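Participant: Next comes the sequence, and after it the predicted model I'd like to discuss.
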Amino acid sequence: MEGRKHTRFAVQLPVSFSGDSFSEEGTILNVSAEGCAITSDTVPAAGVYLQLTMYLREREEPIQIDLAAVRWVSAARFGVEFIKIRPEAGEQLKKFVKAMESTT
């Protein structure tokens, strides 16, 4: 397994995700500026493209990921790579990850 370019931080955050013919909810288990791992009752196949709505902080607008690719699948978990994210959402995500870095 190749090393990660970005450190992932363990979290338990709500997420909703959708593909061409489904819309589901799950929990983010870890997050970085480039992707995250999600657990859910519904696990899409590797290679599927999704849209995500990530709820990083209470009382703050959720972050929309316009395009993410499922890179791996294992039982009730899967990992996604963020491919397309709006600049303002990208900044919000970077700030969240930076705050996580400062608490470890």
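Facilitator: Happy to help now that I have it.
Participant: May I see the buried residues of the strand or helix carrying E88?
Facilitator: Taking DSSP states H and E as the definition, one finds E88 inside helix 87-102. By 16 or more other C-beta atoms under 10 Å, the buried positions in helix 87-102 come out as 89, 92-93, 96-97, 100. C-beta: built from backbone N, CA, C; applies to glycine.
Participant: any weak-confidence spans in this protein?
Facilitator: Along the chain, the parts satisfying pLDDT under 70 run over 1-6, 104.
Participant: Kindly recompute the last result at 80.
Facilitator: Counting by pLDDT under 80, the chain shows low-confidence ranges at 1-6, 103-104.
Participant: residues making contact with the helix holding E88?
Facilitator: 6-7, 9, 11, 31-33, 54, 56-57, 60-61, 63-65, 82, 85 (C-beta atoms under 8 Å, 6 or more residues apart in numbering).
Participant: Now with 7 Å, please.
Facilitator: Residues from elsewhere that reach helix 87-102 (C-beta atoms under 7 Å, 6 or more residues apart in numbering): 9, 31-33, 56, 63-64.
Participant: likewise stretch 7-18?
Facilitator: Outside stretch 7-18, the residues that reach it (C-beta under 7 Å, 6+ apart) are 23-32, 38, 50-56, 97, 100.
Participant: Sort out which residues of that stretch are buried, please.
Facilitator: For stretch 7-18, the buried set under the neighbour-count rule, 16+ other C-beta under 10 Å, comprises 8-9, 11, 13, 15-17.
Participant: Which single one of those residues is nearest to S74?
Facilitator: Distance to S74 across the buried residues of stretch 7-18 (C-beta to C-beta) is lowest for R8, with 15.0 Å.
Participant: Need phi/psi at the closest one.
Facilitator: When read as degrees, to the nearest 10, the backbone of R8 gives phi -100, psi 140.
Participant: Would you quantify the distance from it to A33?
Facilitator: Distance, R8 to A33, by C-beta to C-beta, to the nearest Å: 10 Å.
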